[in-house]
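**Q** Sequence and predicted model, in that order:
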Amino acid sequence: MTHNSSNPHPRVSLRNISKRFPGVLANDQVNLDISPGEIHALLGENGAGKSTLMKMIYGVMMPDEGRIAWDGLPVEIKEPAAARKLGIGMVFQHFSLFETLTVAENIALCLDAHEARDMTALSARIRDVSLKYSMALEPDRLVHTLSIGERQRVEIVRCLIQDIRLLILDEPTSVLTPQEVEGLFATLRQLAAEGCSILFISHKLNEVKALCHNATILRGGRVTGQCVPGNETAQGIARMMVGDDTPVTATHERTRGGEEYLKICNLSLTSRDPFGTSLKDINLGVRAGEIVGIAGVAGNGQEELLAALSGETLETHREAIRLPHGYIAHMYPGERRNEGLAFVPEERLGRGAVPDMSLEENGLLTAAGAGLVKNGWVNWRKTREFAEQIVSQFNVKCAGIHAPAKSLSGGNLQKFIMGREILQTPTLLIASHPTWGVDIGAAVAIHKELIKLRNSGAAILLVSEDLDELFEITDRICALCHGRLSPVADTASVSLQQVGSWMAGHFDVDEDVQGG
Amino acid sequence: MLVNVERRAQGSRTMAYMSPVLAMVLTLFTGALLFWIQEQNPLQGLYTFFILPVADLYGLSELGVKAAPILLCAAGLAVCFRANVWNIGAEGQLLMGALFGSWVALQFLESTSGWAMPLVLLSGALGGMCWAAIPAILKNHFNTNEILTTIMLNYVALNLLLFGVHGPLKDPDGFNFPESALFSEATTLPVLIEGYRLHLGALLALLAVVAVWVVLSRTFIGFQIRVLGMDSSAAHYAGFREKKLVLLVLLFCGAMAGLAGVSEVTGPIGQLVPTVSPGYGYSAIIVAFLGRLHPVGIVLASLLMALVYMGSEMGQIQMGLPLALGGLFQGVLLFYLLACDFLIMYRIRWQGFASNVATNEA
Amino acid sequence: MDIDLITNILFAMVRTGTPLLLVAMGELICEKSGVLNLGQEGMMLMGAMAGFAVAFVSGDLWFGVLAGILTGMLMSLLFGFLALNLNANQVASGLALTIFGAGLSAYLGGDFVGKPLTGMEAWVIPGLSSIPLIGKALFAQDPLVYLSFVMFGVVFFFVYHSRPGLILKAVGEAPESAVAVGLSVIRVRYLAVLFGGAMAGLGGAYLSLAYTPLWSDNMTAGRGWIALALVVFASWRVGRLLLGAYLFGAASIMHLVMQGLGVSVSSNLLATLPYLATIVVLVLLSSNQARIKLFAPMSLGKPFHKTQ
C-alpha cells in the first residue's frame, strides 16, 4: 500500500451522512474514510445506497444530514464543479458522455471556459494524459463511433486531465472484457501509487479482492461491515451484503441437450440505427434441454440479434431462423409466440412491462394466446387469475396484482416477467441479461427457474454481459463482437481468458475447443 | 422555507380527477377578474356567461346542439391520444366531413328517398376518414410527424371548403353569397324533440362515447391501443402492430369528426357555409384533456366547452363583451389544467416556521 | 416572364420567407436544447398584436418591434413554467400556448382590427440594390429583413463556433449527462425557450408592422407551424433554414408567379400550396429515420426531472 502521509488526515471523510427520498431512507448515518493512495471498495446490493452516497461526494446531490471533510477540513460540495475543484472525478456507470460531440468537446465541457478556449492545446493535453496512463484516445473522434471500452477511457481521461485526488468509479468493469479489466486495474494501481485515492463501486467480489485495499459494505442505506477484501472469501463478503441466510450461490449440473431446436443460419442484418451494430453471418444452434450463452460487451449486436429473434425486426432473409417445423424469420412476434417462443427483454420496465399498468394488465401483455382473449374480447377474470398465479408461483413480492409495474423492485418485476413467460410453457426461451440490477436472492431464484425450464426440455438462449452468470448456468457458450459470433464451446471446458478474447473479437485462436 | 415540493412515489388518483375541477375553478376566478378589469360586475358577468345561456329548456337544448360536434370529435381524439397519436386535425376532418356530406346532399335536392340521409351521413364520415388517412399513411410509411401534417391539413381543408362555397358548390340562385343551396327535407337531420334544434347528432355522439368506452376497457384491440400509448417499446415487444393501430385510431377519429361536420351542415345549419365550425375541432382537444380521455369526463367537458361558446355569444349580446373572450377562456382553462396536473406527481407541503421538526418526524 | 417580374418574385420571396426564417431560428435554438415548443403560432400572434398595438398607440414602429419581442418572451415564459418547472408534457403545453395566444390576441387586439398604420419603409441601399435580379431582393428591403440576415449570422456563429453553443447542444442531447458534468439544464433550457419566444414575437411583429401593416385575428395563418416544419426540413442545421424559409416563401407567392404566366387558378386553391409544400417536404425529409436520429437533439420533447 502506498499511503502518502504528508497530511495526517484522510483524503475524504464522511461522518453521519443521511439522505432521504420520499418513502425511503437511502443513506442512514453513513461513515466512510479514504486515505491518500488507498483503493477503497464500496459494496452492496442494488438499492443499498451506493449510488446516492457517491453522488453526494461528487456534488450531484446534497446530504440532508452529516458532514464531509476534505484533507481534514469541512467542505460543502454543492455541485459537480465544486467537486472537480477539490480534485474529485467520477466515472459513471451509464456514461455521462455526449454521443454526437467529439472526445475533445466532451472533455472541454467539463473544464472551465478559460481552460477550454484553445482546443488544439486541449487535444495535445488529452494525448499526453492518455499516453501516460496507456489509454489510447483520438481527441477528434465522435463519441458515438467509439466502443464501450473506449468511451470509458474518455470518462477516465476526463477526470485525469485535471489535478485528480479522488477518483470514483461506479461499476466500471461491467462493460469490459476480462483483458480490458486487467488494463484498467493497472492504470488504477498506477494512479494510487501516485497518491490518488480511489473509490471503487462494484458487485464483482473477485475483482474487489484483487484490487482493493479496504472495503465498506452497505445494506439498506447503513454501513453493515468493513473488511480487508484480500482476507475474506467472496462468499463471506456476499453474506455481509445480503445480511440474512438467503442462498448466495448455487451449483447446477450441466447437460448436453437433445435434438437441435433453434437453428440460426447465415443471419445478417444491417442496422437501421446510425448508432447500431450490423449483424454479420451469424450461425448458431440451440438444442432442446440446454442453455446456450452469448457473452459480449453491450453494443456489439446483442440488441439487433435479439430483435431479429423476437420478430421486432423482420428484415432478415426468410431462411435465417428455423425451428424443427419450419422457418420463422418472416413471422411477427405474436406469431412466433404461438410457435412456443418466449422472450425476456433486458429493459424490464418500459419494454418487458408497461410501467403505469397494473400487474394484471402486464400479465396480458404477452399472454393473449394463453386463452385470456376470446374473439377479440378480454376475459378479465382469467387475466386476473393468470396474474395471481404468476405472483404466487414465482414468489413476486408486491402490493397485489393491481399494483402498477413500476412500484415493484427490479428483482420482483423480473420474477414476474420471467413467470409470465415460463407459465406459457415455451419450447424456446430467449432471455437478455435477466439478472442485471437484481438482488442476489432474486438472481439465485431466477437462475433456478431457468435450470428448471431447461430440465423440462426447453431450449434456452441466454444473452448476458455478466460472465459469472454465464459460467454458472450455461451448458455451451460463445461471444458476440462487432456483430459477429465467435465459435461455440462447452462451458465446462473453456477458460475465462478464451471467452474474453472472443469478446474482444479474436476468434481464430484455439479453434479446437469448439464444442460439438 | 414555508412551502416544500415533494415528488410523490406514485401519481395521485384523487388529484388526477381533482385537477380538472381545480382548473375550472381557477378559470372562473380569472374570468371574474377579467370582467372586473372591463369594469363589469364580476358576478353578473359570470352569470351571463355560465348560467343565463342555459336558464331555460331552449338554452339547455342548444347546449346539446353545441356539445354534439365537440363530443364527437373529442371521442375520436380520446382514442388517438390514448394511443399517443397526436392528432390535432379534428378540425380539418370535421370540415372535410361537412364538405363531402354537403356535396352528396346537394345531389338529393329533389329527392325524398329515405336512403338519402344515411348516405349523406356515411359520406360525411368517409370524408373525415379520408382526411385522417393521409397523416396515418404518411406517419406509417414516411415517419412524418402527425402533429405537423394534421395541422397543415386543417388549413388545406379550410381552403378547400372556401373553394367549394365560392365555386362548384355555390348556390346558383344565392345572389353570389358564398353558400350552398339549402338542403332538402330528405337530407336534413331529424330533431329529437319537436320545436327544438337538438338533433340526431347528439345521440350519435353519446353512442360514440359508449362505443369508445367498451372498446378501450373490454377488447384486446383497446388494450393494444392503451399499451401503445403508454409504452411503445412494450407494444413492439408484445408484437402489437403499431402501424395498424395508428391507422385504426386515426380512421376512427376521422369518421367521428366527419360525422360531426356533416351533422352540423345537415342539422342546425341546413346548408354549407364558410363558417361551419367556430373551432370545434380545436376545442375538442381541450375537452379530451380536460375529460382525462375518459368517456364520462369528456361528456362533462364537452358540455362545459359548449357552455363557453354560448356564454361568449351571450356576453356579446347582453354586455357588449368581445366574442374572443370564449377563445381566451379555453386557452386559460387548458393552461390551468396543465399546471394543476403537476399536483398529480408532486405534493406541496405547507410548513410553518418549525419546519425542521416536521422533516424529522416524516 | 420578363426580368422585372423575376426580380419582383425574388424580392417577394425574401419578404415572405423572413417571418418564417425568424421564427424558425428561434425554434431551432429551442429544440437544440431539447425543448419542443409547439406554441410558435400563439407567440407569433401575440407578437403581431402587441407590435401593432404599441406602434399604433405610440406612433413609433420600433417601439412596436420591441413590444413584439418582449411579448413573445413573456409568452414563452408561460410555456417555460409549465414545461420546465412543472414538468408538463411539452406537446400539450405548446398546444395550450397556441390556443391561449390565439384567444388572448383576438381579445386584446379587438380594438385594433381594421386600424390603419403606415408600415415599415424599405432602406434601399444605393448601388447594390440595382444589381440585376437579386439586387432588389437583398438590398431594397425593410430593416427587419436586414435584421434577419444579421440574426442568421449570429445564430450560425453561436451554434457552431461558441462554447455556449456547445453547452446548448450538450444539454439537448443528454440532460442527465449535462447535470453530471455540472451544467444547469433548466437554466440553459429557459434561455433557449426565451430566445425562441423573442424570435417568434419578432416574426409576428414583422407581419403586422412591415409585411402587411394591419392587425386581424389569426393573421399568422399557420406560419408558426410552418416554421416548426422548417426546422425538421433543415435537419436542425442552421444553414438549411435560410434555404427552406425562402423556398416556403416562394410557395406562398405562387399567385404572383401564376399571374406572370397568365394562368388563372382559384385563389383558395393556390392558398393551400404552402401547406401542401410543408407536407411534401416533411415526407421527403422524414422518411430516412436514420438521418433524423443522427441530427435531431436526442432528448427533444422529453421532460427532465432533476431529482434522482
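**A** Sure, I can see it. Numbering: from 1, shown residues only, chains lettered A, B, ... in the order given.

**Q** low-confidence ranges in the stretch 251-362 of chain B?
**A** When residues are selected by pLDDT under 70, those of the stretch 251-362 of chain B lie in B:351-362.

**Q** Contacts only, for residue 249.
**A** No chain was given, so I picked chain A. By Cβ atoms under 8 Å, 6 or more residues apart in numbering or on different chains, the contact list for A:Thr249 reads A:Gln235, A:Ala238, A:Val444, A:Glu472. (Each C-beta comes from the backbone N, C-alpha and C, glycine too.)

**Q** oops, I was thinking of chain C
**A** Per Cβ under 8 Å, 6+ apart, neighbours of C:Gly249: C:Ala12, C:Met13, C:Val14, C:Arg15, C:Thr16, C:Gly17, C:Thr18, C:Leu20.

**Q** Give the next helix or strand downstream of the host helix or strand of the fourth one.
**A** Meaning C:Arg15. Using DSSP states H and E, the element containing C:Arg15 is helix C:3-32. As assigned by DSSP H and E, the chain's next helix or strand after helix C:3-32 is helix C:40-58.

**Q** Can you list the helices and strands that that next one packs against?
**A** Counting contacts by 3 or more Cβ pairs under 8 Å, 6 or more residues apart in numbering or on different chains; DSSP states H and E, helix C:40-58 is packed against helix C:3-32, helix C:61-80, helix C:90-108, helix C:185-206, helix C:223-233.

**Q** And the residue lying closest to C:Phe63 once chain neighbours are set aside, how far from chain A?
**A** Nearest non-adjacent residue to C:Phe63, counting by Cβ to Cβ, 6 or more residues apart in numbering or on different chains: C:Val54, 5.2 Å away. Computed as Cβ to the nearest Cβ, to the nearest Å, the C:Val54 to chain A distance reads 38 Å.

**Q** So what's the residue count around C:Val54?
**A** Other residues lying near C:Val54 total 23 when counted by other Cβ atoms under 10 Å in any protein chain shown.

**Q** Tell me the pLDDT of it.
**A** C:Val54 carries a pLDDT score of 97 in this model.

**Q** Quick one: residues contacting residue 332.
**A** With no chain named, the answer covers chain A. Taking Cβ under 8 Å, 6+ apart as the test, what A:Tyr332 contacts is A:Gly311, A:Leu314, B:Gly239, B:Arg241.

**Q** hmm, I had chain B in mind actually
**A** B:Val332 makes contact with B:Thr27, B:Thr30, C:Phe100, C:Gly103, according to Cβ under 8 Å, 6+ apart.

**Q** at 6 Å instead, please
**A** B:Thr27, B:Thr30 (Cβ atoms under 6 Å, 6 or more residues apart in numbering or on different chains).

**Q** ranges for the helices of the stretch 201-308 of chain C?
**A** For the stretch 201-308 of chain C, the helices defined by DSSP state H, counting those that start in this stretch cover C:223-233, C:238-252, C:254-261, C:267-271, C:273-286, C:289-295.

**Q** buried ones in the third one?
**A** Okay, so that is helix C:254-261. By neighbour count on 16 or more other Cβ atoms under 10 Å in any protein chain shown, the buried set for helix C:254-261 is C:Met254, C:Leu256, C:Val257.

**Q** so it versus helix C:238-252, what angle?
**A** Counting by axes from the mean of the first three to the mean of the last three Cα atoms, to 10 degrees, helix C:254-261 lies at 60 degrees to helix C:238-252.

**Q** Also the first one?
**A** Using the same axes, to 10 degrees, one finds that helix C:223-233 and helix C:238-252 are set 130 degrees apart in direction.

**Q** Output the contacting helices and strands for helix C:223-233.
**A** On a contact count with 3 or more Cβ pairs under 6 Å, 6 or more residues apart in numbering or on different chains; DSSP states H and E, helix C:223-233 meets helix C:3-32, helix C:40-58, helix C:238-252, helix C:273-286.

**Q** Quick one: residues in contact with it.
**A** Outside helix C:223-233, the residues that touch it by Cβ under 6 Å, 6+ apart are B:148, B:151, C:19-20, C:23-24, C:27-28, C:31, C:40-41, C:44, C:244, C:248, C:278, C:281-282, C:285.

**Q** Let me see the mean pLDDT of it.
**A** Helix C:223-233 comes out at a mean pLDDT of 93.

**Q** Output it as PDB - backbone C-alpha positions only.
**A** The C-alpha trace of helix C:223-233 is given here as PDB (Å, rounded to 0.1, in the frame of the first residue of the first chain):
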ATOM      1  CA  ARG C 223     -46.800  30.400 -40.200                       C
ATOM      2  CA  GLY C 224     -45.700  29.400 -36.800                       C
ATOM      3  CA  TRP C 225     -46.500  25.800 -37.700                       C
ATOM      4  CA  ILE C 226     -44.700  26.000 -41.000                       C
ATOM      5  CA  ALA C 227     -41.600  27.400 -39.100                       C
ATOM      6  CA  LEU C 228     -41.700  24.200 -37.000                       C
ATOM      7  CA  ALA C 229     -41.700  22.100 -40.100                       C
ATOM      8  CA  LEU C 230     -38.900  24.200 -41.400                       C
ATOM      9  CA  VAL C 231     -36.700  23.100 -38.500                       C
ATOM     10  CA  VAL C 232     -37.300  19.400 -39.500                       C
ATOM     11  CA  PHE C 233     -36.700  20.400 -43.100                       C
END
